[in-house]
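# here is a sequence with its predicted model. Questions after.
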Amino acid sequence: MNRTSPITLLICALGGEGGGVLTEWLVDVARHAGYAAQSTSIPGVAQRTGATTYYLEVFPTPLAQLGGRRPVFSLSPVPGTLDAIVSSELLETARQIGNGMAVPQRTLVITSSARTLTTAERMQPGDGRADAQRLLDTVKCFSREHHVFDMAAVARECGTVVSAVMLGAIAGSGLLPFPREAYEAVVRGRDTEAPEKVDKMAAASLRGFARAFDAVSTPRAQAALVTSLLATQEPDGSAPSPLPDDLASAFPQPVHAMLALGHARLLDYQDAGYAALYIERLQRVLATERAADPAGANAFAITREMARWLALWMAFDDIVRVAELKSRASRIRRVHAEVKAGPDDIVRMYDHFKPGAAELAALLPLALAHRLIAWDRGRQAKGKAPWAVPLKIGAHSILGMASLRFLASLRGLRERGSRFADEQALIDRWLAAVVAGTRNNWRLGHEIALCGRLIKGYGSTNERGKANLLHVINHLASEPLPHCTSTKRADAIAAARTAALADDAGIALDAALVRHGAPPRPVVAQPIRWMKRQAQPR
């Protein structure tokens, strides 16, 4: 360490994570230990528009040894001159590296592996998340030493805030010339106005501090942690299968992990018979894929993708499922943990429902459902609002919980309802297209299977996704296109799927369809807008 230049540290924290408190802690530690320190901050625009950055400089020589001289500090970080970057969010770490703040020869990087998605990532209908593997590779390439662990998880487990965990990581890195006891003394001595409350908060902060200190200060343990974060998520061939023996023997190893998740989801969603239907459908796909790829060179990717997207579609959200999830004991425990409620605290939970004609018709037989929907459309044609019953159910009360459990008990009506029949018919059309495409060309079947990603959300989003999927199947997967081979057809389906996931309005999808010789989607009449009639003055 150059003892004639300050130690420079950039801290990145999102709104509400205590970045300012962390900076105050570090300045207090330095000054109590007899070192000169200075901090500045640049606030972010919002909690997830950008992190608030705090810049800290600490002169590595005690003031007592400077002979009355005072160091000169900078007010802002200079790219390429930072000794350390500490961040509570992985993408924010990569953002600062992209700004040139870190250099491989000098900068220590301590970052959380946790992600808080940006607005741009959430807006995409598809998976808009930044690739965590690439972010981790960036951290590794642009740091002389790096420490990566889930700070948010440590904070939750210890009942504290991320700032205490970040403080422990800084102390464990040995970046600053202070002993561990100096950090702990500052944390323990803050906010003395309410000793009982402060003692409890300080104890939690010290727990988080200790966990992070150990994670960073133990090189071998930290190296193993970073290795596990960078490791692939694909199932290991030597790992025991989580499936029952009969299913494990019926499906190849690469499919087991996703199949186990899908099978368990449908058992929880409906019953063993519905899970058996899921297995039967997958066996059709597997038999076709084995015929198209006898050597298994593609690791049964079609069956694996179908195991994922088929399970998600078959477990479609309805009012029965929502009520069942909201009335689970695990949800009650999670909410109590989130609000940090003690055993003597009273927690009131209210769930808001607004079931309309569509939700009610979903549980009715087809004939009754059509009559109910027709009646509601007639009301809307007269300028009335869509029929719905707004409900406010207190899940903390006996009556409210009984109401939720009653709705959850109606799963037996699900298989007799109109929506169940409609969903199964659509699933069978998609399944038939996957099987036919796989027989024609393996890649064509794989691209059609991946179109299961289009089915997501609920309400109008779900209906739009199903309409897009059917249009792609009907016009790109089934109908003959002029001068179009199986490979070009697969390319067209991949392009259409990507366009549909990138643009919720469907403009990009229509352009992709036309570009590959298929007709654009039909124009759907907009629903009748309604408004409450205002009383006219007499």
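Structure received. It should be emphasised that the depicted structure is a prediction, and the values quoted were computed from it without experimental measurement.

# quick one: low-confidence parts of the chain?
1-3, 44-51, 190-198, 219-242, 479-484, 523-538 (pLDDT under 70).

# the residue positioned nearest the centre of it and residue 329: what is the separation?
For the chain, the residue nearest the mean C-alpha position is residue 117 (7.3 Å; Cα atoms, centre = their mean). The gap separating residue 117 from residue 329 is 28 Å, by Cβ to Cβ, to the nearest Å. All C-beta spots, glycine's among them, are computed from the backbone N, C-alpha and C.

# equivalent analysis for residue 367, please.
Applying Cβ to Cβ, the value for residue 367 to residue 329 is 38 Å.

# now do residue 356
Distance of residue 356 to residue 329, given as Cβ to Cβ: 29 Å.

# okay, the two: which has more neighbours?
Neighbours per residue (other Cβ atoms under 10 Å) separate residue 356 from residue 329, with residue 356 holding more: 15 against 7.

# just to check, the more buried one is in contact with residue 386?
Yes: the pair residue 356 and residue 386 qualifies as a contact (Cβ atoms under 8 Å) at a distance of 5.6 Å.

# okay, and the common contacts of those two?
residue 376 (Cβ atoms under 8 Å, 6 or more residues apart in numbering).

# list the buried ones in stretch 82-89?
Buried positions in stretch 82-89, judged by neighbour count with 16 or more other Cβ atoms under 10 Å: 82, 83, 84, 85, 86, 87, 88, 89.

# burial measure for residue 281, as a count.
For residue 281, using other Cβ under 10 Å, the count is 19.

# surely it and residue 431 touch.
Yes: with contact defined as Cβ under 8 Å, residue 281 reaches residue 431; the gap is 5.8 Å.

# which neighbours do these two have in common?
Shared contacts of residue 281 and residue 431 (Cβ under 8 Å, 6+ apart): 306, 310.

# am I right that residue 273 is in a helix?
Yes: in this structure, residue 273 lies within a helix as judged by DSSP: H, G, I helix; E, B strand; the rest coil.

# use 418 as the first number from now on
All set: I'll call the first residue 418, so the last point we hit is now residue 690.

# what number of residues lie near it?
As a burial measure, residue 690 scores 9 neighbours (other Cβ under 10 Å).

# what's the answer for residue 921, then?
Neighbour count for residue 921, taken as other Cβ under 10 Å: 16.

# okay, and it sits in which element?
Using DSSP states H and E, residue 921 falls within no helix or strand.

# next one: residue 425
Using DSSP H and E, residue 425 falls within strand 424-430.

# and that strand, how far from the chain's centre?
Mean C-alpha position of strand 424-430 versus that of the full chain (Cα atoms, centre = their mean, to the nearest Å) differs by 27 Å.

# which residues are contacting it?
Contacts with strand 424-430, where a contact means Cβ under 8 Å, 6+ apart, come from 418, 436, 439-440, 443, 468-477, 491, 494, 498-506, 509-510, 513, 518, 579-580, 583, 587, 592-593.

# tell me the first helix or strand C-terminal of it.
Following strand 424-430 in sequence, per DSSP H and E, is helix 436-449.

# elements contacting that next one?
strand 424-430, strand 454-459, strand 469-475, helix 579-590, helix 597-605 (3 or more Cβ pairs under 8 Å, 6 or more residues apart in numbering; DSSP states H and E).
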